[in-house]
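*Asks:* next one to model:
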Amino acid sequence: VQLVESGGGLVQPGGSLRLSCTASGFTFDTSSISWTRQAPGKGLEWVSGSRGDGNTYYADSVKGRFTMTRDNAKKTVDLQMNSLKPEDTAVYYCALVTYIDLTAYKNWGQGTQVTVSS
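*Replies:* Modelled structure (predicted):
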């Protein structure tokens with residue numbers, strides 16, 4: 001199993017950024033994937049998840065600002081992040097998770113840094 005994130009960087013408050021995760025080594029189209037983040041000095045925070053049935057879920061802290069999409073043909077999941085806030089600063093990880101529990105992590109990517117600052 002391999003998950004590779006890309007697209008992080010520095011952005012000003014109110015700006016946008018798009019993260020991408022490319023997957024390999026497992027049956028992608030029936031698998032569930034989550035985006036999770038870890039801010040400096042804090043624990044893991046689940047951000048969003050896409051179940052193998054196509055349903056997508058979001059944490060309250062990002063609902064209405066972030067959109068998670070998946071392309072089963074390309075085996076990618078993207079996270080479009082709009083109206084970014086300084087508190088969105090974190091390392092963002094995509095992870096293979098279970099269908100039942102989108103925070104039951106099985107495999108992780110290496111993470112990509114997102115910094116929201118003026």
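
*Asks:* C-alpha only now, for contacts and for neighbours.
*Replies:* Noted.

*Asks:* mind listing what the closest residue to Val97 other than its chain neighbours touches?
*Replies:* Nearest residue to Val97, sequence neighbours excluded (Cα to Cα, 6 or more residues apart in numbering): Tyr105, at 4.6 Å. By Cα atoms under 8 Å, 6 or more residues apart in numbering, the residues touching Tyr105 are 95-98.

*Asks:* at 10 Å instead, please
*Replies:* 33-34, 36, 94-98 (Cα atoms under 10 Å, 6 or more residues apart in numbering).

*Asks:* out of these, who's nearest Gly15?
*Replies:* Gly15 has its nearest neighbour among the contacts of Tyr105 in Thr36, at 19.8 Å by Cα to Cα.

*Asks:* kindly provide the distance from Cys94 to Val47.
*Replies:* Distance from Cys94 to Val47, counting by Cα to Cα, to the nearest Å: 10 Å.

*Asks:* list residues touching both of these two?
*Replies:* With Cα under 10 Å, 6+ apart as the test, Cys94 and Val47 both reach 34-37, 79.

*Asks:* now for these: which two are most distant?
*Replies:* Top of the distance list for these (Cα to Cα): Arg37 and Leu79, 11.9 Å.

*Asks:* which of these two has more neighbours?
*Replies:* With neighbours defined as other Cα atoms under 10 Å, Arg37 and Leu79 compare such that Arg37 has more, 24 against 21.

*Asks:* wait, the more buried one sits on Glu87?
*Replies:* No. Using Cα atoms under 10 Å, Arg37 is not in contact with Glu87; the gap is 11.1 Å.

*Asks:* state the helix or strand in which Ile100 lies.
*Replies:* Per DSSP states H and E: Ile100 is located in neither a helix nor a strand.

*Asks:* perfect, I'm done here.
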